[in-house]
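In: I need the structure of the sequence given here:
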Amino acid sequence: MERVLAAVRVGPSKTEIRDFPMPDIPQDSALLKMEVGGICGTDVKMYETPPSKAPVIMGHENIGYIAKAGREFTTRKGFREGDLVFVEHYVMCGRCEWCHLGQYRHCENTDWRYNPDAIRYGYTSAERTPHLWGGFAQYMYLPWNSVVHQVPKGVTPELAGLVTPLSNGVEWSLFDGGVGYNSTVLIQGPGQQGLSQTVVCKQAGASLIVVTGRSKDGARMEVAKALGADYVIDVQKENALARIMEITGGKGVDVVLDCTAGAGTTPVLLGVDALKRRGGTIVVQGELAEFPNFPLAKITAKSITIKSARGHSYKACELALQQLASRRFPLDKVTTHTFGLKDVDLAIKSVGGQGVPDVIHASLMPWR
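Out: Coordinates of the predicted model:
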């Protein structure tokens with residue numbers, strides 16, 4: 001029987017290469033031959049501190065070719081064998097209120113935080129048949145309720161690996177933050193997410209984009225400028241708030257996008273102070289366990305709107321794919337390194353700042 005190789009997280013910062021049986025593919029399902037599994041900051045956290053003891057095939061930013069498709073799958077999805085596709089990590093139920101609203105990212109069937117039986121690529125136990133629930137493997141199983149997108153012609157699998165961070169950028173900056181023509185924006189953190197949002201804000205017509213980072217982010221700050229940032233600020237060398245006010249003539253910015261992945265309360269406090277006097281919006285990633293002395297009085301006095309960054313929608317993914325296909329921005333500067341399946345430990349640690357230097361977005365290529 002043919003077997004499938006996969007990198008399995010078996011404990012904190014520990015991976016084993018295991019093999020699994022090639023699954024049977026029912027008429028309403030498909031098999032994806034993996035080309036690229038993208039690695040982001042979330043993978044770094046989940047690798048270091050797994051949410052459960054179950055063995056998991058990580059990988060939630062998945063690009064590959066349809067290797068086998070049942071007739072019902074092809075009829076339902078419109079994809080055929082040989083198509084290059086992007087698979088979202090959400091596996092929805094298709095029946096609940098959220099799914100009918102098109103907001104399947106909130107569906108309980110895919111919410112691993114509250115539902116122990118949830119299915120989400122990169123999070124679901126490899127002990128659950130047919131086992132292949134993550135992209136760090138040679139193949140991945142696609143049930144009828146997987147969410148699949150066509151990769152446009154001319155977009156390589158490696159470049160398509162940026163769809164997840166770029167679609168988050170679309171969702172958070174455009175749909176949540178309301179960035180548009182003539183907006184002034186502060187983006188905190190020049191990682192995959194911050195760089196993606198730089199592109200999205202520039203495409204949306206923002207008149208001013210300021211990106212902040214730390215001294216170790218020098219190479220990433222240069223990429224930010226290449227992608228459209230008007231100013232970059234090293235918060236360890238400059239008074240960031242004073243510099244922002246100097247740049248904006250004391251007015252502050254319209255929108256703050258916190259892409260620091262919960263790096264303490266300082267970025268949020270800076271964002272609140274950097275927003276314009278009335279009616280600004282800040283989009284935050286809710287990874288702080290607590291926030292003592294939360295500046296509620298200042299937020300209400302300035303009429304600030306706070307929104308939480310929470311995944312992406314179908315439309316955001318489609319727009320991200322169109323952005324990649326346009327080639328308007330040199331996004332290949334973001335996808336910096338490739339790794340083979342046996343090097344998954346090094347790849348994840350490198351994205352986290354250990355191992356190979358200057359990694360922004362890493363592509364795990366299982367057949368390499």
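In: domains for this structure, by residue range?
Out: Here the domain assignment for the chain is 3-162+334-365, 165-308, based on automatic domain parsing.
In: would you turn the ones you listed into JSON lines with mean pLDDT?
Out: Converted to JSON lines, the domains of the chain look like this (pLDDT from 0 to 100):
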{"stretch": "domain 3-162+334-365", "mean pLDDT": "95"}
{"stretch": "domain 165-308", "mean pLDDT": "94"}
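In: export the ones you listed to a markdown table and append columns for distance to Glu318 and mean neighbour count.
Out: Heads up, the C-betas are built off the backbone N, CA and C, glycines and all. Putting these into a markdown table (distance: least, CB to CB, whole Å; neighbours: other CB atoms under 10 Å) gives the following:
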| stretch | distance to Glu318 | mean neighbour count |
| --- | --- | --- |
| domain 3-162+334-365 | 7 | 19 |
| domain 165-308 | 8 | 20 |
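In: and those as CSV, adding distance to Tyr314?
Out: Rendered in CSV, the data for the domains of the chain read as follows (distance: least, CB to CB, whole Å):
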stretch, distance to Tyr314
domain 3-162+334-365, 6
domain 165-308, 9
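In: Leu319 is nearest to which of those domains?
Out: With CB to CB as the measure, domain 165-308 is the member of those nearest Leu319 (5.0 Å).
In: that closest one: end-to-end distance?
Out: Start-to-end span of domain 165-308 (CA to CA, to the nearest Å) is 16 Å.
In: centre of the chain to that domain, how far?
Out: If you compare the mean C-alpha spot of domain 165-308 with that of the full chain, they lie 17 Å apart, counting by CA atoms, centre = their mean, to the nearest Å.
In: can you list contacts of stretch 211-223?
Out: Stretch 211-223 is contacted from outside by 186-191, 194-195, 198, 224, 229, 231-237, 240, 267, 270, 333-334, 353, 358, 360, using CB atoms under 8 Å, 6 or more residues apart in numbering.
In: and what of stretch 105-124?
Out: By CB under 8 Å, 6+ apart, the residues outside stretch 105-124 that reach it are 43, 46, 51, 56-60, 62, 87-93, 96, 98-99, 104, 128, 133-135, 140, 143, 145, 310-313.
In: how near is the nearest residue to Arg328 once chain neighbours are set aside to Thr42?
Out: For Arg328, ignoring the flanking residues on the chain, the nearest one in space by CB to CB, 6 or more residues apart in numbering is Gln203 at 7.1 Å. Gln203 sits at a distance of 24 Å from Thr42 (criterion: CB to CB, to the nearest Å).
In: over to Val211?
Out: Counting by CB to CB, the separation of Val211 from Thr42 is 21 Å.
In: contact partners for Gly102?
Out: Shown in contact with Gly102 (CB under 8 Å, 6+ apart): Ser313, Tyr314.
In: which secondary structure element is home to it?
Out: For Gly102, there is no enclosing helix or strand under DSSP states H and E.
In: before we move on, back to that, which one, of the domains of the chain, ends up nearest to Ala320?
Out: Closest among the domains of the chain, once you apply CB to CB, is domain 165-308, at 3.9 Å.
In: give the contact list for Met46.
Out: Met46 is in contact with Arg9, Met58, Gly122, Tyr123, counting by CB under 8 Å, 6+ apart.
In: secondary structure for the residues you listed - can I get that in JSON lines?
Out: Putting the contacts of Met46 into JSON lines (DSSP: H, G, I helix; E, B strand; the rest coil) gives the following:
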{"residue": "Arg9", "secondary structure": "strand"}
{"residue": "Met58", "secondary structure": "coil"}
{"residue": "Gly122", "secondary structure": "coil"}
{"residue": "Tyr123", "secondary structure": "coil"}
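In: can you list those in a markdown table and add distance to Arg113?
Out: Below are these laid out as a markdown table (distance: CB to CB, whole Å):
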| residue | distance to Arg113 |
| --- | --- |
| Arg9 | 17 |
| Met58 | 17 |
| Gly122 | 14 |
| Tyr123 | 9 |
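In: ok, of these, which one's closest to Met365?
Out: Met365 has its nearest neighbour among the contacts of Met46 in Met58, at 14.7 Å by CB to CB.
In: how about the secondary structure of the residue most central in space within the chain?
Out: The centroid of the chain falls nearest to Pro165 when counting by CA atoms, centre = their mean (3.4 Å). Judged by three-state DSSP, the three-state class of Pro165 is helix.
In: let me know whether it touches Cys40 as I believe.
Out: Yes - the pair formed by Pro165 and Cys40 meets the contact definition of CB atoms under 8 Å, at 6.2 Å.
In: look up the closest residue to Leu331, ignoring the ones flanking it.
Out: The shortest distance from Leu331 to any residue that is not its chain neighbour, by CB to CB, 6+ apart, is 5.9 Å, and that residue is Leu162.
In: again, but for Ala362
Out: Distances taken as CB to CB, 6+ apart place Ile39 nearest to Ala362, at 4.3 Å, with adjacent residues excluded.
In: what's the distance between the one you found and Thr338?
Out: Note on Ile39: its distance to Thr338, by CB to CB, is 10 Å.
In: and if you look at Asp83?
Out: For Asp83 relative to Thr338 (CB to CB), the value is 22 Å.
In: how long is stretch 308-316 end to end?
Out: End-to-end distance of stretch 308-316 (CA to CA): 16 Å.
In: please apply the same query to stretch 95-102.
Out: Terminal residues of stretch 95-102 are spaced 11 Å apart (CA to CA).
In: chain center to that stretch: distance?
Out: For stretch 95-102, the distance between its averaged C-alpha position and the chain's averaged C-alpha position is 22 Å (CA atoms, centre = their mean).
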